[in-house]
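K.L.:
output the structure for:
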Amino acid sequence: TLSSSSSSPSSSPSPSSSSSSSSSSSSPPSSPCRVLFVGSGAAHSPFHSWGAYCTSKAALHMLWRVLKHEQVISEKEVIFGSVRPGVVDTPMQQTIRDSSSPMAELCNELKDTGKLSTPEEVGRFMEFLLYDTDPEEYQADEWDVRDEFHHHRWQ
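P.N.:
Sure thing, here's the model as predicted:
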């Protein structure tokens, strides 16, 4: 996802720009342009039968770290952030829950106990990251939608 100072929240490719609800942000961040990587806990922990997914998310996480490091050294006008959206109630999750995958039981339990995030919630969080964080904060660490420390800023 890209965001730059030349676009507004309603015209930028913000993750939630098509939803009817949006955050309270009123203007895009000032320069520089922002790239937001969508990570996963699977980048940091192995899951049975998810080798390709875990590996691709781990590679994406390392790419974020390298680009963030290179940006600091070269002072380019692009900054890089990364977000863990948590386990989101998406069609992918439904497919897993309906399967015989070793992860189906866990995913069904998360669904049954209301512990899945909604796509709308994650979209609001990503919009907050893209529009309402300063550049240093944005790229300092990988963000996690479940971290309650920042919930008051975007919910």
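K.L.:
now do stretch 64-73: everything it contacts.
P.N.:
35, 37, 39, 76, 78-82, 139, 142 (C-beta atoms under 8 Å, 6 or more residues apart in numbering). Yep, even glycine has a C-beta here, placed from its N, CA and C like the rest.
K.L.:
so for those, which is the shakiest by pLDDT?
P.N.:
Within the contacts of stretch 64-73, residue 76 has the lowest pLDDT, namely 73.
K.L.:
ok so it is a helix residue?
P.N.:
No - counting by DSSP: H, G, I helix; E, B strand; the rest coil, residue 76 is not part of a helix but coil.
K.L.:
need the contact list for it.
P.N.:
Residue 76 sits in contact with 32, 70, where contact means C-beta under 8 Å, 6+ apart.
K.L.:
what number of residues lie near residue 57?
P.N.:
When neighbours are counted by other C-beta atoms under 10 Å, residue 57 registers 20.
K.L.:
just the buried residues from the contacts of stretch 64-73, in ChimeraX please.
P.N.:
To isolate the buried subset of the contacts of stretch 64-73 in ChimeraX, counting by 16 or more other C-beta atoms under 10 Å, use the following:
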select :35,37,39,79,80,81,82,139,142
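K.L.:
report the two of the contacts of stretch 64-73 separated the most.
P.N.:
Maximum pairwise distance among the contacts of stretch 64-73 (C-beta to C-beta): 21.4 Å, between 39 and 76.
K.L.:
contacts for stretch 86-105?
P.N.:
Contacts of stretch 86-105 (C-beta under 8 Å, 6+ apart): 47-50, 107-108, 110-111, 115-119, 122, 144-146.
K.L.:
since that was my last question, I'll sign off now.
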